[in-house]
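Colleague: Okay, here's the prediction I keep looking at, along with the sequence it came from:
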Number of protein chains: 2
Amino acid sequence: MFIKELTTEECFEVLTAKRIGRLACTRENQPYIVPFHFVVDGGKCFYAFSMLGKKIEWMRANPLVCVEVDEIKNQFEWTSLVVFGRYQELTDASEFETERNRAYELLSSHALWWQPAYVTGAHLPPATDDKPIYFRIFIDKITGRCAFSD
Amino acid sequence: MFIKELTTEECFEVLTAKRIGRLACTRENQPYIVPFHFVVDGGKCFYAFSMLGKKIEWMRANPLVCVEVDEIKNQFEWTSLVVFGRYQELTDASEFETERNRAYELLSSHALWWQPAYVTGAHLPPATDDKPIYFRIFIDKITGRCAFSD
């Protein structure tokens, strides 16, 4: 088995084909990871949405985040990407209208793999705010590795 | 589809059956996620090992970490667990001998899914220290959710 570093271009090829990753945010030096559904727009950012909850509250307080995306076929063939980025909420303000529409357009064009509870009629306590929050993660740095057989 | 919170006992049943998760650590409010191979010992801690690198350096400086483990069969059937925990390195000091042996015993009894580069003869720059570092993550809090069909 060999392991190689991916080029930035190769990293974006993988990201563009994926819809599920793990997102980490931090409060008072305590990290927190959740799976999240996303669409990547060019080489610039992730678009995603979520109901109000811990991850949104933490990212509002500290916009520095990390996204990890992987594809594991078996122990000798896998790819893993790590992105350092910054959270920006696409609020109802007019300045975000274009971006919010872009997020909605891209996200709604794909099956929503990781549906939030409000879509599903889940048996969980109701959210304090039942409106989805759209956001983007600016991609500051991306690195990736892949393992492959001889 | 329904979503339910898992009990602590159910969370540990899932963890015990898994070997791969994602580990997040934090430096100066910047989170960082990597996939990691682990074995859970009872309801107490994860055991794992790694070569010296960014995640070990960051966890040495700030032991607060988060582990996420999931199992996604399809969009209507998935389980996701989140653990808040603390890193402790099992150094060569005699006080850690018992724990280090326990970690080695448990980890070596399972196939190493996510093999570190030093095992594989990877084509990467050599590590500054080629000795694996054993560590454990104390489990402070664990929560989980699962989605299932009607």
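Modeller: Received the coordinates, thanks.
Colleague: only C-alpha atoms for contact and neighbour calcs from this point on.
Modeller: Fine.
Colleague: give the contact list for the residue sitting nearest the centre point of chain A.
Modeller: Central residue of chain A (C-alpha atoms, centre = their mean): A:Phe38, 4.8 Å from the mean position. Contacts for A:Phe38 were tallied using C-alpha atoms under 8 Å, 6 or more residues apart in numbering or on different chains; they are A:Arg19, A:Ile20, A:Gly21, A:Phe46, A:Tyr47, A:Ala48, A:Phe49, A:Leu107.
Colleague: what number of residues lie near the closest residue to it other than its chain neighbours?
Modeller: Nearest in space to A:Phe38, with sequence neighbours left out and distances taken as C-alpha to C-alpha, 6 or more residues apart in numbering or on different chains, is A:Ala48 at 4.8 Å. The tally of other residues near A:Ala48 (other C-alpha atoms under 10 Å in any protein chain shown) stands at 23.
Colleague: Output the longest helix belonging to chain A.
Modeller: helix A:97-108 (DSSP state H).
Colleague: neighbouring contacts of that helix?
Modeller: If you take C-alpha under 8 Å, 6+ apart as the criterion, helix A:97-108 is touched by A:Phe38, A:Val39, A:Tyr47, A:Ala48, A:Leu90, A:Thr91, A:Tyr134, A:Phe135.
Colleague: Would you map the strands across chain A?
Modeller: Assigned strands in chain A, in chain order: A:2-5, A:20-27, A:30-37, A:39-41, A:45-50, A:64-74, A:77-89, A:133-148 (criterion: DSSP state E).
Colleague: ok so, going back, so the residue nearest to A:Phe38 bridges to which residues?
Modeller: A:Phe135 (DSSP bridges).
Colleague: Report the two members of the contacts of A:Phe38 separated by the largest distance.
Modeller: Every pair in the contacts of A:Phe38 was compared (C-alpha to C-alpha); the two farthest apart turn out to be A:Gly21 and A:Leu107, at 14.4 Å.
Colleague: and the residue nearest to A:Phe138 when sequence neighbours are not counted, what does it touch?
Modeller: Leaving out its chain neighbours, the residue that sits closest to A:Phe138 by C-alpha to C-alpha, 6+ apart is A:Cys45, at 4.4 Å. With contacts defined as C-alpha under 8 Å, 6+ apart, A:Cys45 is in contact with A:Arg136, A:Ile137, A:Phe138, A:Ile139.
Colleague: got JSON lines for the residues you listed, with pLDDT and neighbour count too?
Modeller: Written out in JSON lines, the entries for these read as follows (pLDDT from 0 to 100; neighbours: other C-alpha atoms under 10 Å in any protein chain shown):
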{"residue": "A:Arg136", "pLDDT": "96", "neighbour count": "24"}
{"residue": "A:Ile137", "pLDDT": "98", "neighbour count": "25"}
{"residue": "A:Phe138", "pLDDT": "97", "neighbour count": "20"}
{"residue": "A:Ile139", "pLDDT": "97", "neighbour count": "19"}
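Colleague: can you redo those as a markdown table with distance to A:Thr98?
Modeller: Conversion of the contacts of A:Cys45 to a markdown table gives the following (distance: C-alpha to C-alpha, whole Å):
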| residue | distance to A:Thr98 |
| --- | --- |
| A:Arg136 | 13 |
| A:Ile137 | 16 |
| A:Phe138 | 16 |
| A:Ile139 | 19 |
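Colleague: And chain B, is stretch A:143-150 touching that?
Modeller: No - taking C-alpha under 8 Å from any C-alpha of the partner chain as the criterion, stretch A:143-150 and chain B are apart, separated by no less than 8.6 Å.
Colleague: Residues contacting that stretch, please?
Modeller: Counting by C-alpha under 8 Å, 6+ apart, the neighbours of stretch A:143-150 from elsewhere in the structure are A:1-8, A:11, A:76-83.
Colleague: and with 6 Å instead?
Modeller: Identification of contacts with stretch A:143-150 by C-alpha atoms under 6 Å, 6 or more residues apart in numbering or on different chains yields A:1-6, A:76-82.
Colleague: Check stretch A:77-90 too.
Modeller: Judged by C-alpha under 6 Å, 6+ apart, the contacts made with stretch A:77-90 from elsewhere in the structure are A:63-72, A:96, A:100, A:134-148.
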